[in-house]
Every structure is written in structure tokens, then in C-alpha cells.
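# here is the input, now give the coordinates:
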Amino acid sequence: MTERLVTGNELHVEGLTKSYGPGAPVLQQLDLTVPAGALAAVLGPSGCGKTTLLRIVAGFLRADVGTVRVGGRVLTGPGVHLPPERRSVGIVPQEGALFPHLSVARNVAFGLTGPTGVDRGERKRRTAEMLELVGLAGYGDRMPHELSGGQQQRIALARALAPRPQLVLLDEPFNALDSALRAGVRADVRAALRATGATAVLVTHDQQEALSTADVVAVVRDGRVAQCATPQDLYRHPADPWVADFVGDAVLLPGTVDGDGTASTPLGTVPLLSAQPAGLRAGTVLLRPEQLRLTGPDTAGAVRATVTDVCFYGHDAMVTVAVAGHDTPVGIRVAGPVSVRPGEETGVRVVGEGALHP
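This next block holds a predicted model:
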């Protein structure tokens with residue numbers, strides 16, 4: 001049975017700042033904490049600084065300011081910059097990046113060799129253990145080119161975990177996989193990380209990947225963490241409309257607060273979540289598309305709308321409607337068969353509560 005890693009490998013990033021030249025820093029006083037044994041996804045648009053963060057934590061880049069600690073060890077800080085080989089950090093790069101001239105077993109054992117490595121017997125045992133962990137027992141004699149893309153990524157993870165690192169960094173490791181493979185490989189990677197108790201950071205720009213895979217998700221915007229929370233909290237209680245729109249489909253409506261805990265919006269009266277910014281009387285009401293329902297055009301309590309588009313995805317569909325008094329199209333997620341077509345009149349009503357933001 002796989003031995004779990006030593007607990008207490010919490011990642012602390014504090015005040016991290018990095019510039020590449022004139023202009024705004026790529027990272028600006030970024031703070032991030034990942035609990036020991038958790039898988040954190042760092043999610044953000046291109047250019048937000050997530051890859052720079054990963055490279056600093058790995059030791060490939062020097063920070064201008066700030067500290068990086070894993071457990072009680074300072075990896076980066078004032079006067080401290082441990083080289084990558086001394087950080088006890090495993091890396092799973094994009095597309096696996098296996099050594100093409102080495103067998104699968106020798107790829108996995110690569111980090112166990114050298115002056116501080118383990119003896120031959122232990123190396124062989126640990127390699128077999130890691131191959132079994134990632135579901136590829138018996139593949140040790142194969143060469144990387146004989147593996148599928150998903151198998152190569154699992155071998156890359158086994159190689160990263162073999163030396164029992166304190167922290168594992170995954171740099172958009174599923175990008176090169178087709179959609180049919182991606183979900184399965186993600187599940188395998190998550191299971192392997194949990195089996196070892198490893199603390200891990202996954203860098204991604206894929207919102208679904210972050211929400212479905214991670215224990216916590218940190219959304220990075222302009223070099224700072226805009227919000228860090230569990231996937232459910234992030235989706236249900238985003239910090240602001242930008243985060244809401246970035247981590248999933250969002251319906252953003254202008255709203256004016258009534259005196260009874262509701263807001264008047266182009267979709268009618270919407271009950272508000274109890275925790276609202278103090279004194280805020282008008283702002284943006286956030287809803288999710290699954291909170292909207294299609295009804296008959298004249299249904300009581302519904303707002304009339306015109307269907308402008310229908311996108312069918314198999315498990316559900318997104319129906320887009322135009323609502324009088326609201327310039328932005330409104331998306332409605334519909335489960336099951338869709339009975340409306342573009343150009344038809346329909347009704348729309350809101351189910352559940354909305355969140356009010358300035």
C-alpha cells in the first residue's frame with residue numbers, strides 16, 4: 001500500500017511580487033495558502049500571472065519581493081532562494097515531458113537516483129509502487145512513444161511523486177489531451193494525489209477543470225488572488241461580478257433593492273441572499289442560468305421574452321432570450337428536451353435567491 005506523505009506540508013505564499021521590466025508587475029503582493037494534503041487550482045485568464053507564480057514556487061524564477069514556505073521551510077524569502085533540486089517539489093509539466101530515450105520505469109525512477117538517491121532495491125520497489133498507483137503496473141519496460149497521451153501524463157505524475165515531495169505542481173497537464181480522455185485522466189491524477197496525501201497546485205485556465213478537480217480554487221486577476229474558496233463557495237458566492245462571470249455562466253442584471261429583502265430587476269422581483277453589502281441600495285444582481293425557468297408567455301410572475309438562440313449539448317441546453325429593458329442577452333440552462341425555437345415568445349421566471357454586488 002502506498003505510504004502517505006508527511007503531513008504539515010501547507011503551502012504559504014505571502015506578498016509575492018514579480019516584474020519582468022517596466023510597467024505593472026506580473027505578480028502584485030499575491031497571497032495564497034494551500035492546506036496540507038489539498039489540491040488547489042490556480043485559475044485565471046492568460047497573462048494574469050499564474051505561470052509566473054508556479055515558476056517562482058518551483059524555484060525556476062526569483063521573486064522581487066515576498067516569501068514562499070512549505071511547512072516550516074522557507075523556499076523563497078529575503079536573502080533566501082533555494083535551487084529547484086533542494087525544494088522537494090515535484091513538477092508535472094504540460095504534455096508529460098518524459099525522457100524519450102528512457103523506459104517508463106527509468107523515467108519514474110529518475111528522481112530517485114544521484115548522490116542523495118536511494119539504493120537499487122528501494123528504487124525498484126518505489127518505481128513499481130508508483131506505477132501501480134497510477135494504474136500502469138507492468139508498463140515499466142515500455143518506451144514513452146508506446147504510450148497514449150493520458151498514459152504519459154500518469155507516468156509524469158508517478159515520476160513527480162516517486163521522491164515523496166512536499167509539494168507537487170501541475171502546469172496545465174491536461175491541455176494536450178482530447179476531451180474524451182481529459183476527465184478520466186483528471187480523476188486518476190486526483191485519486192493518486194489523495195492516495196499519497198500530497199499537497200498540490202494545479203495551474204489551469206479551464207474553469208470546469210478547476211471546479212471539478214480541486215479542493216480549493218484561487219482565481220487570479222491582474223497578479224493578485226481575487227478570491228480563494230472551495231469550488232461550491234466560489235460558484236455560489238463569488239466575490240464580484242467579474243469572478244462570477246469567469247468561473248461559470250452568469251446572469252448579471254441591474255437591480256434596485258426593495259425594503260423587503262428583494263430587488264427589482266428586468267426579470268422581475270428577485271429575493272436576495274441575506275448577507276448583502278451594508279447600505280447598498282442599487283447594483284448588479286447575480287444569478288446563474290440554472291436559476292431561470294422557461295414558462296408560457298402569459299404565466300403569472302413570469303417576464304415575457306423572445307428566444308434568440310438554442311444551443312443543445314446533450315445533457316442540457318442553453319436557451320438565450322432577449323428581455324425588454326435589458327440590452328444583454330440572458331442565458332437559461334434547460335435540462336432535458338427543449339421545446340422552444342428562435343423567434344418564439346416565452347416566459348422567464350427566477351427560482352432561488354440572487355446576490356447583490358456594487
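# give me the number of residues near P342?
By the measure other C-beta atoms under 10 Å, the count of residues near P342 is 12. Glycine gets a C-beta too; all of them are placed from N, C-alpha and C.
# what about it, distance to T113?
63 Å (C-beta to C-beta, to the nearest Å).
# what pairs with V168 across the strands?
Under DSSP bridges, the beta-bridge partners of V168 are G90, A200.
# test my guess that it contacts G90.
Yes. Between V168 and G90 there is a contact at 4.4 Å, judged by C-beta atoms under 8 Å.
# shared neighbours of those two, anything?
Jointly contacting V168 and G90 under the rule C-beta atoms under 8 Å, 6 or more residues apart in numbering are A160, L161, A198.
# measure E353 to L272 for me?
For E353, the distance to L272 - C-beta to C-beta - is 6 Å.
# actually P35, sorry about that
In terms of C-beta to C-beta, P35 sits 32 Å off from L272.
# which one's more surrounded, those two?
A count of neighbours by other C-beta under 10 Å puts L272 above the other of P35 and L272, at 18 against 13.
# quick check on the more buried one: phi, psi?
Backbone torsions of L272, given as degrees, to the nearest 10, read phi -100, psi 150.
# hang on, it packs against G354?
Yes. The pair L272 / G354 is scored as a contact, 5.9 Å apart, by C-beta under 8 Å.
# any residues in contact with both of these two?
Common contact partners of L272 and G354 (C-beta under 8 Å, 6+ apart): A263, V285.
# show me where pLDDT drops low in the chain?
Along the chain, the model assigns pLDDT under 70 to residues 1-8, 114-118, 275-276.
# nearest residue to the residue located most distally from the centre of the chain in space, please, no chain neighbours.
Relative to the centre of the chain, the most outlying C-alpha is that of D298, 41.4 Å out, by C-alpha atoms, centre = their mean. Leaving out its chain neighbours, the residue that sits closest to D298 by C-beta to C-beta, 6 or more residues apart in numbering is G347, at 7.0 Å.
# any idea how far that neighbour is from G354?
Distance from G347 to G354, by C-beta to C-beta: 18 Å.
# what about the longest helix belonging to the chain, distance to the chain center?
For the chain, the helix with the greatest residue count under DSSP state H is helix 179-196. Relative to the centre of its chain, helix 179-196 is centred 14 Å away, using C-alpha atoms, centre = their mean, to the nearest Å.
# now do stretch 146-159
21 Å.
# next, the buried residues of it.
L147, G150, Q151, Q152, Q153, R154, I155, A156, L157, A158, R159 (16 or more other C-beta atoms under 10 Å).
# nearest to T256, of these?
Relative to T256, the closest of the buried residues of stretch 146-159 is Q153; by C-beta to C-beta it sits at 50.3 Å.
# isn't the closest one right up against A97?
No. Using C-beta under 8 Å, Q153 is not in contact with A97, being 10.0 Å away.
# about what we covered before: looking at the buried residues of stretch 146-159, which are in helices?
G150, Q151, Q152, Q153, R154, I155, A156, L157, A158, R159.
# residue contacts, the last one?
Looking back up the chat, that one is R159. Residues near R159 by C-beta under 8 Å, 6+ apart: G90, L98, N107, V108, F110, G111, M130.
# so which of those is the most crowded?
Going by other C-beta under 10 Å, V108 tops these with 30 neighbours.
# distance check, it against A128.
For V108 relative to A128 (C-beta to C-beta), the value is 9 Å.
# and for P266, nearest residue in space, chain neighbours not counted?
H326 (3.7 Å).
# how close does that neighbour sit to D258?
18 Å.
# between these two, who's got more neighbours?
H326 (18 against 13).
# and the more buried one, what is it in contact with?
Contact analysis of H326 by C-beta under 8 Å, 6+ apart lists L253, P254, P266, L267.
# farthest pair in the residues you listed?
Every pair of those checked by C-beta to C-beta; the farthest is P254 and L267, at 10.6 Å.
# compare those two (neighbour count), which wins?
Under the neighbour definition other C-beta under 10 Å, P254 and L267 were set side by side, and L267 has more, 25 against 15.
# wait, the more buried one touches V321, no?
No. Between L267 and V321 there is no contact under C-beta under 8 Å: 9.9 Å.
# what touches both of these two?
In terms of C-beta under 8 Å, 6+ apart, L267 and V321 are both contacted by the residues V330, V348.
# which SSE is the residue most central in space within the chain in?
Centroid check for the chain by C-alpha atoms, centre = their mean gives A210 as the closest residue, at 2.3 Å. Assessed by DSSP states H and E, A210 sits inside helix 207-213.
# what helix or strand is P254 on?
Assigned by DSSP H and E, P254 falls in strand 251-257.
# packing partners of whichever helix or strand comes after that strand?
Moving toward the C-terminus from strand 251-257, the next helix or strand (DSSP H and E) is strand 262-265. Applying 3 or more C-beta pairs under 8 Å, 6 or more residues apart in numbering; DSSP states H and E, one finds that strand 262-265 contacts strand 251-257, strand 268-271.
# deepest in the core, which of the ones you listed is it.
Greatest average neighbour count among these goes to strand 251-257 (a mean of 20), per mean count of other C-beta atoms under 10 Å.
# from the contact counts, what lies against it?
Against strand 251-257 (3+ C-beta pairs under 8 Å, 6+ apart) you get helix 241-246, strand 262-265, strand 282-287, strand 326-335.
# dump the ones you listed to CSV, plus distance to G184.
What follows is the helices and strands packed on strand 251-257, written out as CSV (distance: least, C-beta to C-beta, whole Å):
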stretch, distance to G184
helix 241-246, 26
strand 262-265, 41
strand 282-287, 33
strand 326-335, 24
